[in-house]
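K.L.:
have a look at this prediction, sequence included:
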Amino acid sequence: MTHSFSIPMTLRATTDEDPMNSTGADVSVPAAPVAPSRSRLRPLGVGEVTITGGPWGRRQDVNASATLAHIEHWLEHEGWLGNFDSTAAGASAAGRTGREFSDSEVYKLLEALAWEYGRGGDPSIDRRVRAITERIAAAQDGDGYLNTVFGRPGGPARWSDLEWGHELYCLGHLFQAGVARARTVGPDELLDVCVRAADLVCEVFGPDGRDALCGHPEIEPALVELYRVTGHRRYLEQAALFVHRRGRHLLGEIEYGSSYFQDDVPILEADVLRGHAVRATYLSSGAVDVAVETGDAELLGAIVRQWENTVARRTYLTGGMGSRHQDEAYGEDYVLPPDRAYSETCAGIGSVQLAWRLLLAENSPRYADLIERTLYNVVAAGPSDSGTAFFYTNTLHQRVLGTVPDPTRAVPRAASSLRAPWFAVSCCPTNVARTFASLQTLLATADDDGIQLHQYAPATITTTLPGGRRLALSLRTDYPTTGRVELHVDSAPPTPVSLTFRVPGWAVGATLTDRGETRSAEPGTVTITRLLVSGDVLVLDLPIAPRLTVADPRIDAVRGTVAVERGPQVLCLESVDMPDRRHVDDFVVDPARDPVDDGGDGIRVHGWVQDHESASWPYRAPDTSAPQSVPTSVVLRPYSDWAERGPSTMRVFLPVSAPTEES
C-alpha cells in the first residue's frame, strides 16, 4: 500500500517545462550546498564569503593543496575510480574493487572539487572535474541507472538489496556533486547525468512505483537540492515520499533492530535521534529540507524536538554523536562513555548539516553553537595537519599508545589508533574534503534587514540585500586564540542595515563596542541597526579564559571528573605532556585551582600525579589509603590536535581528587 499525503506547492515560479532562466541556472540561488527557496535566513554563497586566514583558512588551503589530490590518488590506487571504467566497458562485476558504496566516495570528491573550483577558480581543478565526470557519464545506462555493483554482468540485480546495497545513497551523493557543479559553473554534463538518474528514481520509487526506500538515508536532502537547482517538482515529491516512508518497517529486520535504519517509528512520532548516527542526521537533514520547501510545520517541529532531545541527552562534549561501536549508533540517553566514544567524523559532519538547516529555518543561535563546537572538536580533529591522514572515529579517552599505520595501505575503519591515510570504508576523508571546500558558506547569512554572523574567522563578506543594497564587510580576528572580533564596514548602502553577532552560550560577560559605546552582549545574539558608513568598526569581545566543565550526573561514565574548555575548543591531556610521559590516567585535577593560560600554546592545570600500587584485586574500602600523590601541573592542548606529536595516551575528562596526607 502506498503512503499518501499532500504537499502544498507555493514555491517558485519555475515549472518542469521551464526549470531555469536563459543561462540555464537560477541566478537567485546562492552558490552553497543548501539553498532553500524560502527560510528565515538566506545562506551566503562561495562568491559572497571568502575566508582569508586563521585556522579555517589554513584548513581550506591544506584541503586544496593536499587533501583533494591525496583522495584522488587513493581512489585510483584502490580501483574505485576504475570501477566506472570497467562498468562502461561492460566488464563483469566480479573484478570490481571496494565496498558496495565506494561509488559515493568518487561523488564526494567530485563535490569537493566543484566547491573548491567555486572558491578559488583554479583551472586545473575544473579539468579534474571534467575528467572524472566523463568517466562517470560513460558508465551510465541509457535509462539513467548508474552503479558499479548492481545491474552489471556477474553482479546482483538492480534495487535487489535496498537494506545494504546503498544504490540510492550513492545517487544522493552524485546529485549533491551535480548541484555543487551547477551552482559554481552552471549546468553541464554532470547535471545531465544527475537528472537522468533522478528521473529513473522517481519512475521506480514514485507514487505508482515501488513502496520502498534505501537503508542509508542521503538521497532525501540530495533530491530536494536537485529540485532547488532544476525546479523539477517531482524530485521534491520523491524526497517527501522517502521521508514519510520511514518507520513503516519497509526494510528487513536486522540484528540491530529497525531503529538502525530509523525505520522503527514514523518520523513525525519520533522524539530523539536513534540508530546509526550518520543515517539519522542525513535523514533529519532531508526532512528539514522537505519541511521548509512544503511549508510543513509539523514535520519541522518533529525534527526540532528530536534535535533538542539528542543534544540534551546523546551528544558528547565535543559535539560528537554516536557512542556504540557495533552499529555506529547513538546509545540510550546519557550513555556517553568517553573511552568507547565512536563519534564518527561523518556523524559530526551530518550533525553540522542538520544544525545548519535548522538555523536557516529557525534562526536560533543554539544551532550555530553546536555547529561551532562540532567543527572545532570533531571535524577539525578528523584530518591531520598535513591533510593526508584521518581519524574515522574520535575517542575522548585513549588508554593505550597508538600504532603508526602503514602509509601505503588502507586500514579497517575503526581499527586505527592514529590517523590513517585511507580506510577500507573511506567516507570520512571525502566528507571532510567537501565540508572544508564549502566551509565559508557556514559563516554568515542574510535577511531583508541585514547580515547575521554565526562563525568567526578572518573573512570578507560582499552581498546585495533586497532593493539592490550593496554591502561589503571584513571580519578581522585571530579567534579562537583571542576573543576579539572586529567587523569593518568597507561599503554600505544609504539606508539602515542590521548587523547581528552570535554570542556563544559559554561567553558570559561578552561586550559589543560600536562608535565608542560598549554594551553587554548576553549569550544568544546582539544586533546593531543603523546607517553604516565606510570605515565603521564594531568590536565583539568574547571572554576566552579556560573554564572547568562537569557533566550531567546521569552520564555515569564521567561522574567525578572535569573537562577543560577554552572558548569553543575542548582541551585534552596527552601523555607526551605528562611528567616522564606517564599515563594520563595517573593525573588527577585540583578543582580548587582554576586552569590558567600558560602564555604558550596550552592551558596549565594543577593537580597530582598518583603512584598506583599493584594489587591482586582492583577494589578497596572507601576509607582506606589512596595512592600517594605528587603535586604538579600539566599542559592541556586542543583536542583537535591530539596525536599530532606521535603515539600517546589521551583523555578529555580528568578525575578530580584531593591530596592525600602522604603528599
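P.N.:
Everything's here; your move. Numbering: from 1, shown residues only.

K.L.:
so what's Val558 up against?
P.N.:
Contacts for Val558 (C-beta atoms under 8 Å, 6 or more residues apart in numbering) come out as 336, 338, 551, 653. In short, each C-beta sits where N, CA and C put it, glycine included.

K.L.:
oops, could you answer that again for Leu226 instead?
P.N.:
With C-beta under 8 Å, 6+ apart, Leu226 has these contacts: 175, 178-179, 194-195, 198, 232, 235.

K.L.:
in the stretch 301-450 of the chain, what spans have low per-residue confidence?
P.N.:
In the predicted model of the stretch 301-450 of the chain, residues 414-416 satisfy pLDDT under 70.

K.L.:
which residue ranges of it form helices?
P.N.:
Assigned by DSSP state H, counting those that start in this stretch, the stretch 301-450 of the chain shows helices spanning 345-362, 365-374, 427-437.

K.L.:
any chance of TSV for the ones you listed, columns distance to Trp80?
P.N.:
Compiled in TSV, the helices of the stretch 301-450 of the chain are given as follows (distance: least, C-beta to C-beta, whole Å):
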stretch	distance to Trp80
helix 345-362	17
helix 365-374	28
helix 427-437	10
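
K.L.:
out of those helices, which comes closest to Ser65?
P.N.:
helix 427-437 (11.6 Å; C-beta to C-beta).

K.L.:
got a pLDDT number for the closest residue to Leu146 other than its chain neighbours?
P.N.:
With sequence-adjacent residues excluded and distances taken as C-beta to C-beta, 6 or more residues apart in numbering, Leu146 is closest to Gln140, at 4.5 Å. On the pLDDT scale, Gln140 is placed at 98.

K.L.:
now Thr513, what's its secondary structure?
P.N.:
strand (DSSP: H, G, I helix; E, B strand; the rest coil).

K.L.:
ok, for it, nearest residue in space, not its chain neighbours?
P.N.:
Val539 is the one closest to Thr513 (C-beta to C-beta, 6+ apart), at 4.4 Å.

K.L.:
buried ones in the host helix or strand of that neighbour?
P.N.:
Counting by DSSP states H and E, the element that carries Val539 is strand 537-541. Buried residues in strand 537-541, counted by 16 or more other C-beta atoms under 10 Å: 538-541.

K.L.:
list just the nearest of those residues to Val149.
P.N.:
Looking across these and measuring by C-beta to C-beta, the closest to Val149 is Leu540, at 51.0 Å.

K.L.:
related to what we said a few turns ago, so the residue nearest to Leu146 touches Cys194, yeah?
P.N.:
No: if you go by C-beta atoms under 8 Å, Gln140 and Cys194 don't touch, sitting 10.1 Å apart.

K.L.:
higher neighbour count, these two?
P.N.:
Counted by other C-beta atoms under 10 Å, Gln140 and Cys194 do not tie: Cys194 has more neighbours, with 28 against 20.

K.L.:
make JSON lines from the helices of the stretch 301-450 of the chain and add distance to Arg248 and mean neighbour count to it.
P.N.:
Formatted as JSON lines, these follow (distance: least, C-beta to C-beta, whole Å; neighbours: other C-beta atoms under 10 Å):
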{"stretch": "helix 345-362", "distance to Arg248": "22", "mean neighbour count": "26"}
{"stretch": "helix 365-374", "distance to Arg248": "29", "mean neighbour count": "24"}
{"stretch": "helix 427-437", "distance to Arg248": "27", "mean neighbour count": "27"}
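
K.L.:
of all those helices, which one is nearest Ser102?
P.N.:
helix 427-437 (9.6 Å).

K.L.:
where does the protein have its least confident helix or strand?
P.N.:
strand 596-597 (a mean of 86; mean pLDDT, DSSP states H and E).

K.L.:
ok, and the closest non-adjacent residue to Glu76?
P.N.:
The nearest residue in space to Glu76 (C-beta to C-beta, 6+ apart) is Gly82, at 7.0 Å.

K.L.:
shouldn't the one you found be in contact with Ala89?
P.N.:
No: look at Gly82 against Ala89 with C-beta under 8 Å: they stay out of range, at 10.3 Å.
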